[in-house]
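>>> I'll drop the sequence and a predicted model, then ask my questions.
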Amino acid sequence: AQSVTQPDIHITVSEGASLELRCNYSYGATPYLFWYVQSPGQGLQLLLKYFSGDTLVQGIKGFEAEFKRSQSSFNLRKPSVHWSDAAEYFCAVGPPSATNKLIFGTGTLLAVQP
Amino acid sequence: GAVVSQHPSRVICKSGTSVKIECRSLDFQATTMFWYRQFPKQSLMLMATSNEGSKATYEQGVEKDKFLINHASLTLSTLTVTSAHPEDSSFYICSARVPRGVGTGELFFGEGSRLTVL
């Protein structure tokens, strides 16, 4: 079955500290992989995506993610967290098709303390 | 990037009434749009896939007669919650996929619409 697992429901980090949000997926073929961020009461904003090629992808706001096929993972990282990064982060996977749907993880809520 | 806009962002209605939420792709044509529902502290759950000019495809467990979807043009899809009840209160988000010939086929999301049924 296709699924996305984000093991950490809630993470708190200090401002300036590094961050890693975990994402593991189960998929029958090579998926497209995404990370989205959702601020309270807002829609989702795409942080970055992986389709093919270099397995380390750079996104907006200083985020990056690394695709590891052997581990079925696509963890999101940031070297130094800012208070404005506090939000909910969703990992998603989907087929390389124009009409199919994405499967979302349950999200990780990030809190940033001063 | 591509822009998807939803309206209204917030709506409060009485139980038993119907509410329509619009989803527009502002700078591209979307043959397919998706409607999601998000419960508090949970992930997005796909409700249905909206196809321009044809019937929507609903996910298992989603009532077709309850959540009416119309995709009459390449830039507009509407979700109508009919005879709304308090349990329908939720955050509804739409998304649209930029056609592959125009972009990479990624999804862009609207801002979401928070429905509160009294």
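Noted; the coordinates are in hand. Numbering: from 1, shown residues only, chains lettered A, B, ... in the order given.

>>> rest of the way, CA atoms for contacts and neighbours
OK.

>>> The residue lying closest to B:Ser73 once chain neighbours are set aside and A:Ile9, how far apart?
With sequence-adjacent residues excluded and distances taken as CA to CA, 6 or more residues apart in numbering or on different chains, B:Ser73 is closest to B:Glu52, at 6.1 Å. Using CA to CA, to the nearest Å, we find B:Glu52 at a distance of 36 Å from A:Ile9.

>>> A:Pro40 too?
On the measure of CA to CA, A:Pro40 and A:Ile9 end up 16 Å apart.

>>> ok, and the closest non-adjacent residue to whatever residue of chain B ends up closest to chain A?
Of all residues in chain B, B:Glu111 sits closest to chain A, with a separation of 4.0 Å (CA to the nearest CA). Nearest non-adjacent residue to B:Glu111, counting by CA to CA, 6+ apart: A:Gly43, 4.0 Å away.

>>> Over to B:Ile12?
Using CA to CA, 6+ apart, the nearest residue to B:Ile12 is B:Thr116, at 4.7 Å.

>>> tell me the SS of B:Ala96?
The three-state assignment at B:Ala96 reads strand, by DSSP: H, G, I helix; E, B strand; the rest coil.

>>> show me what contacts it?
B:Val4, B:Ser25, B:Ala30, B:Thr32, B:Met33, B:Phe34, B:Leu107, B:Phe108, B:Phe109 (CA atoms under 8 Å, 6 or more residues apart in numbering or on different chains).

>>> with those in mind, which one is nearest to B:His85?
Of all the contacts of B:Ala96, B:Phe34 has the smallest distance to B:His85: 22.5 Å, by CA to CA.

>>> Give me the neighbour count for that closest one.
B:Phe34 has 26 neighbours, counted by other CA atoms under 10 Å in any protein chain shown.

>>> next one: the one 5 residues further on
For B:Phe39, the number of neighbouring residues by other CA under 10 Å comes to 13.

>>> From B:Tyr92, how far out is it?
9 Å.

>>> circling back: which residues sit in contact with the residue nearest to B:Ile12?
Taking CA under 8 Å, 6+ apart, one finds B:Val11, B:Ile12, B:Cys13, B:Pro86, B:Asp88, B:Ser89, B:Ser90 in contact with B:Thr116.

>>> Can you name the residues bridging to the last one?
By that I understand B:Ser90. B:Leu115 (DSSP bridges).

>>> so it touches B:Lys41, yeah?
No - with contacts counted by CA atoms under 8 Å, B:Ser90 stays clear of B:Lys41, the gap being 11.2 Å.

>>> check whether the helix-or-strand element of chain B with minimal mean pLDDT contacts chain A.
Taking mean pLDDT, DSSP states H and E as the measure, chain B has strand B:107-109 as its least confident helix or strand, at a mean of 83. Yes - using CA under 8 Å from any CA of the partner chain, we find that strand B:107-109 touches chain A at B:Phe108, B:Phe109.
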